[in-house]
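Student: coords below, sequence missing:
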């Protein structure tokens with residue numbers, strides 16, 4: 001069985017979904033793909049179902065979880081993590097559907113965990129400066145200083161705390177109590193890194209170039225930033241009164 005699966009959450013991504021699936025499957029590493037779709041009204045899941053007929057002829061490479069509504073990014077990833085663990089994958093990756101993350105970087109993230117000793121590999125926009133293409137300067141500054149704020153409040157030694165391009169070793173996701181993860185927006189990414197760090201796992205940032213989407217709709221909103229700003233304070237304060245004990249020894 002293949003040992004790595006890429007989770008891609010979708011909502012109204014018909015313009016990107018075929019291209020991102022074809023590109024990931026064209027890589028020299030044989031990744032499997034899990035699409036977690038939040039009841040897209042534009043036909044995204046139907047496109048995936050048609051592609052399954054082509055890609056799943058000899059083995060199930062393209063998986064699809066269809067949810068009943070737009071339930072949030074965090075819950076989509078939680079559903080994907082549980083699915084991947086149940087199916088026995090050792091390395092579980094996540095990325096966006098809109099090509100803001102270059103699929104070629106999946107291989108480096110995978111190797112960072114499978115061969116170089118990391119428990120979590122983070123595709124980082126800020127590991128070597130600011131590597132973002134086609135963002136207005138206001139959004140670049142907001143994102144950069146948001147990560148700086150999170151690092152200051154939490155103490156995490158990570159420059160891109162909101163990154164959504166990662167590879168997890170299976171043990172990390174089996175250790176974190178996924179049902180207790182609170183955030184559902186982009187703050188979910190902060191919380192997952194924070195819990196990974198608190199449980200004593202090794203995180204490493206891999207420099208990537210992030211490119212703003214050219215097709216489809218952005219899911220960013222003011223509410224997402226509000227959740228992250230105030231949620232980080234609450235999360236950090238609550239952590240002072242908790243003990244983070246791994247279920248199994250960390251290798």
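Tutor: Perfect, thanks for sending it. Bear in mind that the values here come from a model prediction, so they are computed numbers and not experimental data.

Student: remind me which residues of the stretch 1-150 of the chain are low pLDDT?
Tutor: 1 (pLDDT under 70).

Student: hey, where'd the strands end up in it?
Tutor: 4-10, 32-37, 62-66, 91-94, 120-124, 132-133 (DSSP state E, counting those that start in this stretch).

Student: The third one packs against which elements?
Tutor: If contacts are counted by 3 or more Cβ pairs under 8 Å, 6 or more residues apart in numbering; DSSP states H and E, strand 62-66 sits against strand 32-37, helix 44-55, helix 73-87. All C-beta atoms are positioned from the backbone trio N, CA, C, and that covers glycine.

Student: again, but for the second one
Tutor: Taking 3+ Cβ pairs under 8 Å, 6+ apart as contact, the helices and strands that strand 32-37 lies on are strand 4-10, helix 17-25, helix 44-55, strand 62-66, helix 73-87.

Student: could I get the ones you listed as CSV with mean neighbour count?
Tutor: Output for the helices and strands packed on strand 32-37, formatted as CSV (neighbours: other Cβ atoms under 10 Å):
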stretch, mean neighbour count
strand 4-10, 25
helix 17-25, 18
helix 44-55, 17
strand 62-66, 17
helix 73-87, 20
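
Student: Dump these to JSON lines, plus distance to residue 34.
Tutor: Formatted as JSON lines, these follow (distance: least, Cβ to Cβ, whole Å):
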{"stretch": "strand 4-10", "distance to residue 34": "5"}
{"stretch": "helix 17-25", "distance to residue 34": "11"}
{"stretch": "helix 44-55", "distance to residue 34": "10"}
{"stretch": "strand 62-66", "distance to residue 34": "4"}
{"stretch": "helix 73-87", "distance to residue 34": "5"}
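
Student: CSV for the strands of the stretch 1-150 of the chain, including distance to residue 108?
Tutor: Listed next are the strands of the stretch 1-150 of the chain as CSV, based on distance: least, Cβ to Cβ, whole Å:
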stretch, distance to residue 108
strand 4-10, 13
strand 32-37, 18
strand 62-66, 23
strand 91-94, 11
strand 120-124, 8
strand 132-133, 18
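
Student: how close does residue 63 sit to residue 21?
Tutor: 11 Å (Cβ to Cβ, to the nearest Å).

Student: Identify the contacts common to those two.
Tutor: 33, 35 (Cβ atoms under 8 Å, 6 or more residues apart in numbering).

Student: out of the helices and strands packed on strand 62-66, which comes closest to residue 192?
Tutor: helix 73-87 (7.9 Å; Cβ to Cβ).

Student: The closest one: how far from the chain's middle?
Tutor: The chain centre lies 11 Å from the centre of helix 73-87; the measure is Cα atoms, centre = their mean, to the nearest Å.
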